[in-house]
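[1] Requesting a structural model of the entry that follows:
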Amino acid sequence: MRKGRKIQREWSKVPGGNKKVPEVFSEGQPQGEVFESKDQFEEEKYSKSDRVYAAQIGQFKESWFSRHSGLLKVGIGLVVIVCLFRGALHYVKYLSHQRDSYSTTKKTGKVPTDSSVKTEFTFFGADSPYIDKEHRIELSIEDFISLVRKANEPNVTPEQIVDQIGKAVSGHLSSSSDGSQRIGLEYDLVGDTGHLSLNFQKEKDRMELSSVTYYTRKSHRREVTKTSKDYEAMQASSEEGLELTEAVKELGTPDFMHNNYAIGGVKRITIVYTTTDKMNVFMSFDETEGKFRLKSIRSVEDKS
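    Here you go, the predicted model:
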């Protein structure tokens, strides 16, 4: 016992030896505050580090772009120049192709053949013997019938049509790799009351007029006064069938006319009128003994 008391007395002599060690968790302090303050310290520490790092990255980017901005501008400029050059080269080749095609037509009087598949372009220029943009034609129903009679006849050429009715306001060509061609001549009527389209087809050594189409411009169409039933009643007015020229004389210029073929290759002309009951009446006239006579009438709802 004496020995123990002596040790206690010695311990008390050590500075701070008999002081109480504060508790980590006191009764008045929540247990999480110490850890929260530690976490807060760590967060502030790393957030500050992140800000420094971000600032360094920003300075690096600014310095890099400032050093290389000239190179970037030069690179972009070179790309733009190359694109413009390629576009100009393509356009020059196109113009050269157009000039060569027109030159062939002007020298030989023949439509040029293009070996590419379905290449379309305007093949008659301002000095073409086929084109006059100021020229207008007059077209009667007799003239229309005369053109239809030439359809599908052998060796009917654009030159022959121009000799017959004059120059067109425009022309176009469509060529295929097999050598076939489709040629079109477009005509406007006097006063721009209507439009006539003539299409030719060439296969091997044969050229023919394949279609004849006419339409009256809406601003010049006659007043609509008849119903679809009025037109249908006309089919029974003649045993032989109403003749085309008589029908047009009675009804006026059709809104639309075109040629086609009936069964057996019989030539047919179809004319179209608009009615008061919002119908389009199609009147088909087949060629019989040299005359086009009414064969059928059908009505279709006008959705225009």
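[2] Any regions of this protein where pLDDT drops low?
    Scanning the chain for pLDDT under 70 picks out the ranges 1-72, 74, 85, 88-126.
[3] the strands in it, which residues?
    Per DSSP state E, the chain carries strands over the ranges 119-121, 170-175, 181-188, 194-203, 206-216, 256-261, 267-274, 279-288, 291-301.
[4] I'd like these written out as JSON lines, with mean neighbour count added.
    (Glycine included, C-beta is placed from N, CA and C.) Listed next are the strands of the chain as JSON lines, based on neighbours: other C-beta atoms under 10 Å:
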{"stretch": "strand 119-121", "mean neighbour count": "13"}
{"stretch": "strand 170-175", "mean neighbour count": "19"}
{"stretch": "strand 181-188", "mean neighbour count": "19"}
{"stretch": "strand 194-203", "mean neighbour count": "19"}
{"stretch": "strand 206-216", "mean neighbour count": "18"}
{"stretch": "strand 256-261", "mean neighbour count": "18"}
{"stretch": "strand 267-274", "mean neighbour count": "20"}
{"stretch": "strand 279-288", "mean neighbour count": "20"}
{"stretch": "strand 291-301", "mean neighbour count": "16"}
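[5] Any chance of CSV for those strands, columns distance to Ile141?
    Formatted as CSV, the strands of the chain follow (distance: least, C-beta to C-beta, whole Å):
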stretch, distance to Ile141
strand 119-121, 32
strand 170-175, 24
strand 181-188, 16
strand 194-203, 12
strand 206-216, 10
strand 256-261, 8
strand 267-274, 9
strand 279-288, 11
strand 291-301, 10
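[6] Compare those strands and give me the one nearest Asn152.
    The closest of those to Asn152 is strand 206-216. By C-beta to C-beta, the value is 5.5 Å.
[7] Need the contact partners of that closest one.
    Contact with strand 206-216 is made by 139, 144, 147-148, 150-157, 161, 182, 193-202, 253-259, as judged by C-beta atoms under 8 Å, 6 or more residues apart in numbering.
[8] Which parts of this protein are helices?
    2-13, 33-108, 141-150, 158-165, 228-232, 244-251 (DSSP state H).
[9] Tell me the helices and strands packed up against the shortest one.
    Okay, so that is helix 228-232. Identification of packing neighbours for helix 228-232 by 3 or more C-beta pairs under 8 Å, 6 or more residues apart in numbering; DSSP states H and E yields strand 279-288, strand 291-301.
[10] Each with direction, which strands does the first one pair with?
    Take DSSP bridges as the rule and strand 279-288 pairs in its sheet with strand 267-274 (antiparallel), strand 291-301 (antiparallel).
[11] so that strand versus strand 256-261, what angle?
    Orientation of strand 279-288 against strand 256-261 (axes from the mean of the first three to the mean of the last three C-alpha atoms, to 10 degrees) gives an angle of 40 degrees.
[12] got a list of contacts for strand 279-288?
    Here strand 279-288 makes contact (C-beta under 8 Å, 6+ apart) with 227-228, 231-232, 234, 241, 243-244, 247, 262, 266-275, 292-302.
[13] quick one: which of the strands of the chain is nearest Ser128?
    Comparing those by C-beta to C-beta, strand 170-175 comes nearest, at 7.4 Å.
[14] now the angle from the closest one to helix 158-165?
    With the same axes, to 10 degrees applied, the angle from strand 170-175 to helix 158-165 works out at 160 degrees.
[15] helices and strands around strand 170-175, which ones?
    strand 119-121, strand 181-188.
[16] The last one versus strand 206-216: what angle between them?
    Taking the same axes, to 10 degrees, strand 181-188 and strand 206-216 form an angle of 30 degrees between their directions.
[17] and the nearest residue to Arg298 once chain neighbours are set aside, what are its bridge partners?
    Leaving aside its sequence neighbours, Arg298 sits nearest to Phe282 (C-beta to C-beta, 6 or more residues apart in numbering; 5.2 Å). Per DSSP bridges, the residues bridged to Phe282 are Val272, Arg298.
[18] Nearest approach to Arg222 belongs to which of the strands paired with strand 279-288?
    Proximity to Arg222 (C-beta to C-beta) singles out strand 267-274 among the strands paired with strand 279-288, at 8.8 Å.
[19] Residues contacting the closest one, please?
    Here strand 267-274 makes contact (C-beta under 8 Å, 6+ apart) with 144-145, 148-149, 151, 221, 224, 226, 231, 244, 247-248, 251, 254-262, 280-287, 292, 295, 302.
[20] Quick one: work out the angle between it and helix 141-150.
    Here strand 267-274 runs at an angle of 140 degrees relative to helix 141-150 (the same axes, to 10 degrees).
[21] rewinding a little: of all the helices and strands packed on strand 170-175, which one comes closest to Gly87?
    The closest of those to Gly87 is strand 119-121. By C-beta to C-beta, the value is 18.8 Å.
[22] ok, how many other residues are close to Lys218?
    For Lys218, the neighbour count with other C-beta atoms under 10 Å is 9.
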